[in-house]
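Colleague: I would like to see how this sequence folds:
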Amino acid sequence: MKLMDKAKKKRPGGLKLRLEQASKLKQIKAGHKAIDEMWKRYEFIVNTSRDFLSLIDADYNYIAVNDAYCKAHNKTQKEIVDRSVSSIWGEKVFNGIIRRHLDKCFAGHEVNYHSEFEFAAIGVRIMDVTYYPYRNNKGTVTHAVVVSRDITEQRKAEKELLALKKAVETMQLGVTITDIEGRILYTNPAEANMHGFSVKELMNRDVKRLAPRDLWKQRTISQLDEIKSWRREGVNVRRDGGTFPVQLMSDVVKDQDGNTVGIVTTCEDITERRRSEEQIRQQLQRLTTLREVDMAILSSLDLKVMLNVLLNHLMEHLNIDAAAIMLLNPHTLNLEYAEGRGFHSRAVRGANVRIGEGLAGRVALERQAVCIHNLHGKEEICARNPFIKDENLVFYYGIPLIAKGNVKGTLEVFNRKPMEPDTEWLDFTEALAGQAAIAIDNATMFNDLQRSNIELSLAYDTTIEGWSRALDLRDKETEGHSQRVTELTLFMGRSMGMSESELVHVRRGALLHDIGKMGIPDSILFKPGPLSNEEWDIMKRHPVYAYEMLSPINFLKPAIDIPYCHHEKWDGSGYPRGLRGENIPLAARIFAVSDVWDALCSNRSYRQAFSEETALEYIRSLEGIQFDPEVIKVFLSM
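Modeller: Presented below is the predicted three-dimensional model:
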């Protein structure tokens, strides 16, 4: 009973104890759950970090590593955790680099250093390594938390930036960086020195200080967003207020989001360049003149045009008051006025000087330049040339125009004030004189050649007309036939759009259309009765004979179409080649109609001439058979 009573007394207290234990167990489970959640977050953070994270104990063994660290070594966590640092990196790297820094960390110091490490997966990289000491409750460092960051690209960028900065600092071009408001954020020494400032004086100043007030231009942000870069030449201002020419190139700078944040401008002082350009311009101006005269000589064989171009340039670039060109007449041996500029009266235009007489005659005879600085002191010259005093001419320079060893004339230059020409002036004048001589020689040769060509063409055409008349005389029944069909063919050819150059050859071909009949025996050609089949075969050979006679003559090759093809028919039944349709040359198609029309309208030994109405009806009946329908339309519309 007593034991039962004691048990009953203990029961309430035991229940309370169990309830307390259950509560504590519940709290412990909740705590474990919270720890689990926190560990998961920790693992997520650690394993998603791009940095290499690891935990090393005092025995130099890995306790934990994140995924980035494992990937770099091309290993799994199981292959790294619980292994020594030296087994992962090798004894040489461990003892040479890592160990001394770890020892310092375990001594209680935070350690940071940079070094190169070779990883299995990513190769050699420059790493920024930091060791953080981890202490237990007693303050003893038990672990090292290692955070390693790959700074290879950063180092590369830093080196490039350093090299760029050094280059910018030492370059001769000025460089300025401004924000969108125009405030100077950076300028190099060249820019500052160029404008008479120090770098410090320009920092944070408005860039407008470097430009004339009337050239200030504030670009809006919207404009800058549309512009990538722009280049221009302008004028900048020095500290003392003086200006100088510059060449500027500006580029818009944008941030990662594409927003405009500033402008980078390079500035080059082009004072010396401008001075050199002006000198070169003056030197090249005369060369350009010579080139233009050359082009005039090449583009035209009109002597008057060429001499006018030359004199215009001469007056413009030699700074003279008057000039004249005299041409030698090879038949009279007189120098005759050709062209002139700058004279007030027309008296000089009648100048006609024999070689050896007067200034121009002396220049031509001696074949050397003559320079007279004061004409008024030469009474004899003034007496022979009254226009000199009338025009108040003081300075004279004459130079012979010589081409291929022959004197073509003279170039005479005058000025109403004294002159002292320099070597460059004299060289330029001599060059122009040489070009004038070439122009005169070319024009003379061209005129002679053109005259010869015209005479030769006339001789050719006269010969062809003679052949044509000879053929008509041989065949008395067709006398005048060639001239008539030629005129009609030319008229129709123009109506059908043939050019004049084509019609030249059409005319020759029409006149010679029956020249092949010279190869036909008289017994067949003049036979009074019908021809036999064998005789017709021989007669049909005359276009072939025409081709064989004319084709070796280059001058008459373009005229062969009519003599060779005027017996071809539209439907292909003609001779000698049986050509069909538009394969027959147009000239031959036109001539075929003219030839038949004239034959029908002429008396022959075997019939009287057709009436015009009957002849037209006959030709209409052969449209599309013997004749080109388009040619017939033109013929009937005449």
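Colleague: drop to CA atoms for contacts and neighbour counts, all remaining ones
Modeller: Will do.
Colleague: Quick check: phi and psi on residue 78?
Modeller: The phi/psi pair for residue 78 (degrees, to the nearest 10) reads phi -60, psi -30.
Colleague: in this protein, what secondary structure element scores lowest on mean pLDDT?
Modeller: Ranked by mean pLDDT, DSSP states H and E, the weakest helix or strand in the chain is helix 2-48, scoring a mean of 57.
Colleague: Which element, helix or strand, includes residue 105?
Modeller: Taking DSSP states H and E as the definition, residue 105 sits inside helix 99-106.
Colleague: Show me what the helix or strand that that helix is followed by is packed against.
Modeller: Next helix or strand after helix 99-106 toward the C-terminus (DSSP H and E): strand 111-119. When contacts are defined as 3 or more C-alpha pairs under 8 Å, 6 or more residues apart in numbering; DSSP states H and E, strand 111-119 packs onto helix 99-106, strand 123-135.
Colleague: got a markdown table for those, with mean pLDDT and mean neighbour count too?
Modeller: Converted to a markdown table, these look like this (pLDDT from 0 to 100; neighbours: other C-alpha atoms under 10 Å):
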| stretch | mean pLDDT | mean neighbour count |
| --- | --- | --- |
| helix 99-106 | 94 | 19 |
| strand 123-135 | 94 | 18 |
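Colleague: Among the ones you listed, which comes closest to residue 48?
Modeller: Among those, the nearest to residue 48 by C-alpha to C-alpha is strand 123-135 (18.3 Å).
Colleague: ok and that closest one relative to helix 99-106, angle-wise?
Modeller: Angle between the axes of strand 123-135 and helix 99-106 is 20 degrees (criterion: axes from the mean of the first three to the mean of the last three C-alpha atoms, to 10 degrees).
Colleague: right, and residue 233 touches residue 248 too?
Modeller: Yes - counting by C-alpha atoms under 8 Å, residue 248 is a contact partner of residue 233 at 5.9 Å.
Colleague: who's more crowded, those two?
Modeller: Neighbour count, other C-alpha atoms under 10 Å: between residue 233 and residue 248, residue 248 has more, with 20 against 13.
Colleague: Can you pull the domain assignment for this protein?
Modeller: Domain ranges of the chain: 49-150, 171-272, 283-446, 475-637, per automatic domain parsing.
Colleague: which stretch among those comes nearest residue 464?
Modeller: Nearest to residue 464 among the domains of the chain is domain 475-637; the distance by C-alpha to C-alpha comes to 7.0 Å.
Colleague: how about the helices of the stretch 101-250 of the chain, start to end?
Modeller: All helices of the stretch 101-250 of the chain, identified by DSSP state H, counting those that start in this stretch, fall at 152-170, 189-194, 199-202, 221-226.
Colleague: helices and strands around the longest one, which ones?
Modeller: Applying 3+ C-alpha pairs under 8 Å, 6+ apart, one finds that helix 152-170 makes contact with strand 123-135, helix 189-194.
Colleague: what helices or strands is the strand or helix carrying residue 287 leaning on?
Modeller: Using DSSP H and E, the element containing residue 287 is helix 271-299. Secondary-structure packing of helix 271-299 (3+ C-alpha pairs under 8 Å, 6+ apart): strand 243-254, helix 303-318, helix 423-474.
Colleague: Same list, those, but as CSV with mean pLDDT and distance to residue 141 please.
Modeller: Supplementary listing: the helices and strands packed on helix 271-299 in CSV, determined by pLDDT from 0 to 100; distance: least, C-alpha to C-alpha, whole Å:
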stretch, mean pLDDT, distance to residue 141
strand 243-254, 87, 49
helix 303-318, 84, 95
helix 423-474, 76, 93
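Colleague: could you dump these to TSV with distance to residue 355?
Modeller: What follows is the helices and strands packed on helix 271-299, written out as TSV (distance: least, C-alpha to C-alpha, whole Å):
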stretch	distance to residue 355
strand 243-254	56
helix 303-318	21
helix 423-474	17
